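1. Could you look at this predicted model? Sequence included:
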Amino acid sequence: MKQLPSLCIAKHKGKLLLKYRPSSENIIEQNIEMPYEIHVVEFENEQDVADFFKDEERKKYIHLVN
């Protein structure tokens, strides 16, 4: 079963290209707090990106990134 963030991305014609959990051993330079995960996402066009950011279902999980 796909995870909810991936389903929200796909709903707006997006594709999750990479999900990465960095470790301190892999960082060359750092000026921010270490993120838990980094997602690289591709959308077909700007409207799909805008729709993704307005998605109410996605907003329910935004607290996970803060």
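-> Done, it's in.
2. From here on, just use CA atoms for contacts and neighbour counts.
-> Will do.
3. Pull up the gap between Q30 and V40, please.
-> Distance, Q30 to V40, using Cα to Cα, to the nearest Å: 18 Å.
4. Partner strands of the helix or strand hosting E42, with direction?
-> Using DSSP states H and E, E42 maps to strand 38-43. If you go by DSSP bridges, strand 38-43 pairs up with strand 14-20 (antiparallel).
5. ok, and what's touching the strand it pairs with?
-> Applying Cα atoms under 8 Å, 6 or more residues apart in numbering, the contact partners of strand 14-20 are S6, I9, E37, I38, H39, V40, V41, E42, F43, E44, D48.
6. can I assume D51 sits in a helix?
-> Yes: the assignment for D51 is a helix, going by DSSP: H, G, I helix; E, B strand; the rest coil.
7. i'd like the first residue to be 27 from this point on
-> Happy to do that; since the first residue is 27 now, the last one works out to D77.
8. which residues touch it?
-> D77 neighbours (Cα under 8 Å, 6+ apart): H38.
9. go on, V67?
-> V67 neighbours (Cα under 8 Å, 6+ apart): I35, G40, K41, L42, L43, L44.
10. hmm, 10 Å instead?
-> V67 makes contact with S32, I35, G40, K41, L42, L43, L44, K45, V75, according to Cα atoms under 10 Å, 6 or more residues apart in numbering.
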